[in-house]
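Novice: pasting the sequence and the predicted coordinates here, then a few questions.
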Amino acid sequence: MKKGLSNRRGEVFTATAVKVIIAVVVGVLILGGLFALYRNVIFPKLNQKVEGMIHTEDTVQVRKDGNSVQYSYDGETWKDCTIPGVSASATVSTVLTRTYQEKTAFLAVIKDGSGARLYVSRDAQEWVPSIGDSKSVSVGNGTSYVTVSCGDGRSYRSHDGIEWEMTSTKRY
């Protein structure tokens, strides 16, 4: 009977239970603190940055950056435009924006090994080839027309940058 009275299993169990309860309470406090930190500090800043990246306006800007054409909705976050048929070695010589009757067109002159070509886009994301030449293409943005001069003497003009009228068929 002495052996039965000297058993201390209950005391060990109680000490372990107290340690587990303390660990759970400390864990809850740590997780609660992390949750409060994320909810009050990190999530608002992250949400502000994400909302800034999402364009809520229809205005888009286009620019030349080295040998690439880029677009942005906020003026801070710029993405490269994907222009089909343009090689990696191509150079961007001119990028301009043309607004006519509240419609905007973006124009980019890109020189490649096979010559130069004018690419046109309405939304800065879908680009289509327009006027091309084996020598060169230059663009001028006037008050009433956009003009294009080709290296072989041909010239074009357009009000909106989309529909072109040939003004000279002269070829050198």
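Specialist: Perfect, I can see it now. Residues are numbered from 1 along each chain as shown.
Novice: check contacts around Thr94.
Specialist: Neighbour list for Thr94: 64, 107-109, 138-139 [criterion: CB atoms under 8 Å, 6 or more residues apart in numbering]. In this view, the C-beta of every residue, glycine as well, is placed from N, C-alpha and C.
Novice: now the two most distant members of the residues you listed.
Specialist: Using CB to CB, the pair of these lying farthest apart is Lys64 and Ser138, separated by 14.5 Å.
Novice: give me the mean pLDDT for the longest helix along the chain.
Specialist: The helix spanning the most residues in the chain, taking DSSP state H as the definition, is helix 9-37. Here the mean pLDDT over helix 9-37 is 85, rounded to a whole number.
Novice: and the next helix or strand past it?
Specialist: helix 43-53 (DSSP states H and E).
Novice: buried set for the next helix-or-strand element following that following helix?
Specialist: Along the chain past helix 43-53, the next helix or strand (assigned with DSSP H and E) turns out to be strand 61-65. Buried residues in strand 61-65, counting neighbours by 16 or more other CB atoms under 10 Å, are found at 62-64.
Novice: show me what secondary structure element comes after strand 61-65.
Specialist: Beyond strand 61-65 in the direction of the C-terminus, DSSP H and E gives the next helix or strand as strand 68-72.
Novice: that next one pairs with which strands, and in what direction?
Specialist: Strand 68-72 sits in its sheet next to strand 61-65 (antiparallel), strand 79-80 (antiparallel), going by DSSP bridges.
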